[in-house]
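In: predicted coordinates and the sequence they were generated for:
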Amino acid sequence: MGDWKTITVPVLSSDSKSIFQYTSERKRSPISMNSQVLRLPLPSSKNMHSFFSAFCTEENIEQSISYVDKELTTLGFPSIYAESKGKELNLISIINCMNELLALQHKNLRAQEEVEMQHLKLGSDMDHLQNCYAKLKEQLELSKREIVGLQERDRQLQSKNRNLHQLLKNEKDEVQKLQNIISSRATQYNHDMKRKEREYNKLKERLRQLVMNKKDKKIAMEVLNYVGRADGKRGAWRTDKTEARNEEEMYKVLLSDYEQRQKQLLVENAELKKVLQQMKKEIISLLPPQKQKPKERSEDGLVLSDLEEDIGELNKENMWELSCETVREQLTNSIRKQWRMLKNHVEKLDNQVSRGHSGAWNEKDVISREDHELETEKLELEIQQCKEMIKTQQQLLQQQLTCDDETTLLLQDCYLLEERERLQEEWRLFREQKKNFEKERRSFTEAAIRLGLERKAFEEDRGTWLKQQFLSMTADCKHSENVTTPSAFFRSKYLAQIMFLYSSDQDNWLVKSTSQQRKPPSVLNGPVSAEPCQTSQYITHNSVESKEIAGDSMPNLWMESDDKEETE
Amino acid sequence: ASCVQHRLVVRDVSSLQVRQLYTCLDQIQYIEWSSDSLFILCAMYKRGIVQVWSLEQPEWHCKIDEGSAGLVASCWSPDGRHILNTTEFHLRITVWSLCTKSVSYIKYPKACQQGVVFTKDGRYMAVAERRDCKDFISIFVCSNWQLLRHFDTETQDLFGIEWAPNGCVLAAWDSCLEYKLLLYSLDGRLLSSYRAYEWPLGIKSVAWSPSSQFLAIGSFDEKVRILNHVTWKKITEFEHPATVASKKTIVYKEVEKSPSVETETLSFPPTRALASSLFSTQSKYEISQVPVSLQYIKPVADRANPKMGVGMLAFSADNCFLATKNDNIPNAVWIWDIRRLKLLVVLEQLCPVQCFQWDPRQPRLALCTASSRVYLWSPAGCVAVQVPGEGDFQIVSLSWHSSGDSMVLLSKDNFCVCYLEREEV
């Protein structure tokens, strides 16, 4: 709109100053393009109101109106002119435009407010940020200083460390040096000692020579009489035989010592093996558990069968008393295996208990709380016991298996000592008993001898008595029947034979009885003297019986012989 | 038997009655009974004479004169019929025979603490020798004094040798400058050698257990190391610290009881009994609570043969206990249980322990400090026994009778016999 170059355009309100400026700027651009324009000074604020009226005066109404219309149309507002008629103003559109301009103004004001608010906010943010920045810078400074300080300390400590290392090295070197000094001094002293000793030896030799020379007169031994040797033997000459004998004896002594030791070791080994076997059996017996799931049972069942096989094998082998490496290894391996199984078993028990604690609520709702707690307590007790058992067995095993041979030998030696003492006690008792038995046997033999003598005497008496009887009887017979002497003699002979038979039977019987009675004396410790009396009583009883028997049978025989005679 | 100046007095053990009295030519320095208790030898080192007396025949006499060779030591052989004299400067050992009046010489014996040792059964004798700056050991057969074996040892300076009670092993150890213990079999083979450490002072004392199963070595580092007879390796170490902390040990402490004196019964001049009871203090044992700290003495560093380390070792006759004394803690005796290899008891005395000895029959230990009391320990307990008598009887050493029923207590000038009652079981 370069038409209005010369006129300073008044502004309606301060708000529209921007528009004015804008317009003036817009004007200026075409003005500058034309470059033949006078520059107009910007209106100052004081002159604002005067410019309101300055824009539209009475003279330039139409011009101002058309200007305004142009401006409005360029801004997008509808024209303020009426449509068809040329210079008539549309009031409605004017008011609309004004309204819209006011609205626009409000909007712009609001926008300006917002912008200003934002501006303020940004300003405060910026302040805030600047403060933060300042603080952070301070902190950075501080931390940098700290870092520097720490680095300093670190350096100092490192240097101290290096110093100490150096000192340590120095000390070690010194120690080494001192040791070297010691060893060198030691060798020096040894050398000196040897030198002095050689001198001393020379002196001693000299002295010995002197002493030997003088020995005839002074050194002597006066004894009143010779003393016999302690063991009564004469002294022996020094010969090769004696030397050989000495060697022999010495080796015998050594050998017997070694044999003794070897026996001890064998006994120890056998005992240890026995103990291990026992332990294995006990572990096996522990393994089949009290309450168990079938799966575990089957596992243990399989395991047990394996174990039984192992046991069977090992027992067989031990019966043959093999002491080779393989048996030992097998035994230890099997024990280790079972140990592990026992451990697993106990772990399972532990798991069961813990599971019982947690899982019981889900599975078994029926069980009351107290019952469950009781059960858990019981299980815990069992676990405790199992654990203690395992601990003790582990200790025993460790002692037996993995500790030094010396301590096991030591323990076995102590056991052996105890056993030896016990055995000695038993030996003593045994020997006493043997002595007692010997005594008893002797007394028994004496008693038997006495019995024999008594028996003989008794037999003789009986014989005489029977003879008398017989004679008296035959005398009676003779009176009654006139028997010839040969037959009487024959009869007497026959009867004597019968008597002998009976006596021999008695003898046999007596012998048998005494022999039978001799056997039990080992059991009886009672009085020995009572028995011969008993046997003698027995004999008298027997003899009485036999006499009766003889008496009874004799008339029969007599009758028979009589019959015979009669038949003859 | 006891000697006073130049007289030899023989008494009966049960009644202390004087049986015989012999007079020797000079002051007697050393007496020894023969093994069959028939003869006594009296050695007079200054004159170089040894006189032998017979118990059964008082008129019998024997005199051995070493003359200019001098006499340093004298001892019986195990058969009781030979006397071994060591001449001065350890020039030689002369073996005098009482049966045949013959003489044998052993050359180059070593001048060490224990140079001549006999086996327990008296069959063999080992002599330490030194020739050309090297140590040797010779083994002789005692019955005819024939040389059986002669071998060299790898020691710098052999200090001592000792037979094991079973007579099959000989232990030889080096001087305290070097810790080395060598074990030889009866036929001279080296079975094993043991060395615990290299530079500090080494072995101080060595003891075999009666069953020959263990060898205890006490050293200057206050420890006892025990070797076993199967592998000759160390099975354990016993330490003697100044503080006893283990809960399983019993510590008996000797405590003085001051005698109570009633003032009314004091008389002037005081009677002898009262005076002695005033000055002699009773003492008894009390059990102290663990941990106990014992009196520790650090010896002067620049003297030779310092009083440190384990100086005394003794096994009990039943092979169950070991008694040790650490010279750094001179007032205490440590008793170890061999079956468990643990410290069993510590006996803490008021004065330094002079001597202790085990009863040859039972596990009973008798020990004496230089006071007038003898102390007995057994697994059942321990007791302090006062020697009755006037004056001060300071027991310096003691010795058990072989039956274990009595023991001899020796002081400087007197001796007394202590009889122990046997318990009726």
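Out: Great, that's in hand. Keep in mind that this is a model prediction, so the values were computed, not measured.

In: which stretches in the stretch 201-350 of chain B count as strands?
Out: B:203-208, B:214-219, B:223-228, B:234-239, B:243-244, B:250-257, B:282-288, B:292-293, B:310-315, B:321-326, B:332-337, B:342-348 (DSSP state E, counting those that start in this stretch).

In: neighbouring strands - and their directions - for the longest one?
Out: If you go by DSSP bridges, strand B:250-257 pairs up with strand B:282-288 (antiparallel), strand B:342-348 (parallel).

In: likewise for the first one?
Out: On the basis of DSSP bridges, the sheet neighbours of strand B:203-208 come out as strand B:214-219 (antiparallel).

In: distance from the chain centre to the partner strand, please.
Out: Put simply, strand B:214-219 sits 15 Å off its chain's centre (Cα atoms, centre = their mean, to the nearest Å).

In: now stretch B:160-171
Out: That offset, for stretch B:160-171, works out to 16 Å (Cα atoms, centre = their mean).

In: and what of stretch B:127-137?
Out: Centre to centre, stretch against its chain (Cα atoms, centre = their mean), the figure for stretch B:127-137 is 25 Å.

In: pretty sure B:Lys180 sits against B:Tyr197.
Out: No. Judged on Cβ atoms under 8 Å, B:Lys180 makes no contact with B:Tyr197 at a distance of 10.6 Å. Just so you know, the C-beta spots here come from the backbone N, C-alpha and C atoms, and that holds for glycine as well.

In: ok, those two, which is more surrounded?
Out: Higher neighbour count among B:Lys180 and B:Tyr197: B:Lys180, with 22 against 11, using other Cβ atoms under 10 Å in any protein chain shown.

In: near chain A, which residues of the stretch 201-350 of chain B show up?
Out: B:211, B:213, B:228, B:230-231, B:233, B:235, B:319, B:339, B:341 (Cβ under 8 Å from any Cβ of the partner chain).

In: quick check on those: which are buried?
Out: Buried residues within these, counting neighbours by 16 or more other Cβ atoms under 10 Å in any protein chain shown: B:213, B:228, B:230, B:235, B:319, B:341.

In: state the distance from the second one to B:Ser211.
Out: If I follow you right, that is B:Asn228. Noted for B:Asn228: a distance of 11 Å to B:Ser211, by Cβ to Cβ, to the nearest Å.

In: please apply the same query to the fifth one.
Out: With distances defined as Cβ to Cβ, the gap from B:Asn319 to B:Ser211 amounts to 5 Å.

In: where's the residue in the stretch 401-550 of chain A positioned nearest to chain B, which helix or strand?
Out: Going by Cβ to the nearest Cβ, chain B is nearest to A:Glu406 of the stretch 401-550 of chain A, at 4.6 Å. Under the criterion of DSSP states H and E, A:Glu406 resides in helix A:405-481.

In: checking B:Trp53 next. Helix, strand or coil?
Out: Using DSSP: H, G, I helix; E, B strand; the rest coil, the structure places B:Trp53 in strand.

In: for stretch B:131-150, list every residue counted as buried.
Out: B:133, B:135-146, B:148-149.

In: which helix or strand contains A:Arg358?
Out: Quick fix: residue A:358 reads Ser, not Arg. Per DSSP H and E: helix A:325-363 holds A:Ser358.

In: helices and strands around that helix, which ones?
Out: helix A:240-286, helix A:294-319, helix A:369-401 (3 or more Cβ pairs under 8 Å, 6 or more residues apart in numbering or on different chains; DSSP states H and E).

In: the ones you listed: which one's closest to B:Ala332?
Out: helix A:369-401 (31.7 Å; Cβ to Cβ).

In: so, low pLDDT: which residues of chain B?
Out: B:3-5, B:258-282, B:301, B:389-391, B:422-425 (pLDDT under 70).

In: for burial, what's the neighbour tally of the residue in the stretch 1-150 of chain A positioned nearest to chain B?
Out: With Cβ to the nearest Cβ, the shortest gap between the stretch 1-150 of chain A and chain B falls at A:Leu150, namely 44.2 Å. Neighbours of A:Leu150 under the rule other Cβ under 10 Å: 11.

In: secondary structure class for it?
Out: helix.

In: just B:Leu177 next, same as before
Out: Per three-state DSSP, B:Leu177 ends up coil.

In: so it sits against B:Gly202, correct?
Out: Yes. The criterion here is Cβ under 8 Å, and B:Leu177 meets it with B:Gly202 at 6.8 Å.

In: care to break chain B down by domain?
Out: Annotated domains of chain B cover B:1-107, B:109-239, B:251-259+B:271-424 [the TED database].

In: tell me how far B:Ser14 lies from B:His401.
Out: Taking Cβ to Cβ, one finds B:Ser14 at 10 Å from B:His401.

In: which one of the two has more residues nearby?
Out: B:His401 (18 against 11).

In: now the more buried one. Nearest residue, chain neighbours left out?
Out: B:Met407 (6.2 Å; Cβ to Cβ, 6 or more residues apart in numbering or on different chains).
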